[in-house]
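Chemist: Give me coordinates for this.
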Amino acid sequence: PTLLLADELTCGALDVIRLRFVPRNALSNTAAHQSFKFHPPLYAHQIFGDDECIYGYFSPEIDITYSEDSLLPAITFTHIPQAGNDDGSATPAGATDVLGAIQMKAPADYFSPDQLPPSKKRFEPRGVCVGDYSGWAIGRSKDQHATVESERAGDVSYELFQCAAGPDMGSQKVLLQRAQSLAMWLIESA
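Modeler: Sure, this is the predicted structure:
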């Protein structure tokens, strides 16, 4: 049987999902990464269906914070528990399995911020550097450039790396999976 949910328990996924990028050392430090801006995803139909809706929760909030260096994703999902449902983390009957849907359709090694693995070493890009550029080179305005530099405490430059994928790609596979999970929110797919 299908459970019909009240309109107040329905929300647009694009309205409650927030993405942001922080330096790895700020990923588990909630106070440190509060100064970094959230960005809404562009698409959610790949994860939540054509209507891009989440059903069954009061005031849901989904924050996905990616580490800038390795795209390690930390995810938090909160909502106000319904009356009669004392366990706020349990999925109410008939509600969208938010974390399950994200994990199934945008798979990656998601962690909650309090369960992040320790950083083993400084991130080293894979492959060969084929170029670099600054925010000025991609046409950012003075204000945009200043915002990025103030968030990152100094001059910001970007590098492009080329790497070959194959059966022996090892740890590159984890990075690719994380990049694909991010792309699900930002790239249209049919």
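Chemist: Mind checking what secondary structure the residue nearest to residue 61 when sequence neighbours are not counted has?
Modeler: Excluding its sequence neighbours, the residue lying closest to residue 61 (Cβ to Cβ, 6 or more residues apart in numbering) is residue 78, at 5.0 Å. Heads up, the C-betas are built off the backbone N, CA and C, glycines and all. Three-state call for residue 78 (DSSP: H, G, I helix; E, B strand; the rest coil): strand.
Chemist: And the lowest mean pLDDT element among the helices and strands of this structure?
Modeler: When each helix and strand of the chain is scored by mean pLDDT, DSSP states H and E, helix 30-33 comes last, with a mean of 63.
Chemist: and the next element down the chain from it?
Modeler: Counting by DSSP states H and E, the next helix or strand C-terminal to helix 30-33 is helix 45-48.
Chemist: and the helix or strand following that following helix, how far from the chain's centre?
Modeler: Counting by DSSP H and E, the next helix or strand C-terminal to helix 45-48 is strand 53-55. Mean C-alpha position of strand 53-55 versus that of the full chain (Cα atoms, centre = their mean, to the nearest Å) differs by 18 Å.
Chemist: Can you list the strands that strand 53-55 pairs with?
Modeler: strand 10-12 (antiparallel) (DSSP bridges).
Chemist: Pull out the buried positions in the strand it pairs with.
Modeler: residue 11 (16 or more other Cβ atoms under 10 Å).
Chemist: Give me the next element, helix or strand, following that strand.
Modeler: helix 13-16.
Chemist: just checking, what packs against the top strand by length along the chain?
Modeler: Ranked by number of residues, the top strand in the chain under DSSP state E is strand 58-67. Contact partners of strand 58-67 among helices and strands, from 3 or more Cβ pairs under 8 Å, 6 or more residues apart in numbering; DSSP states H and E: helix 13-16, strand 17-22, strand 73-80, helix 98-105, helix 172-186.
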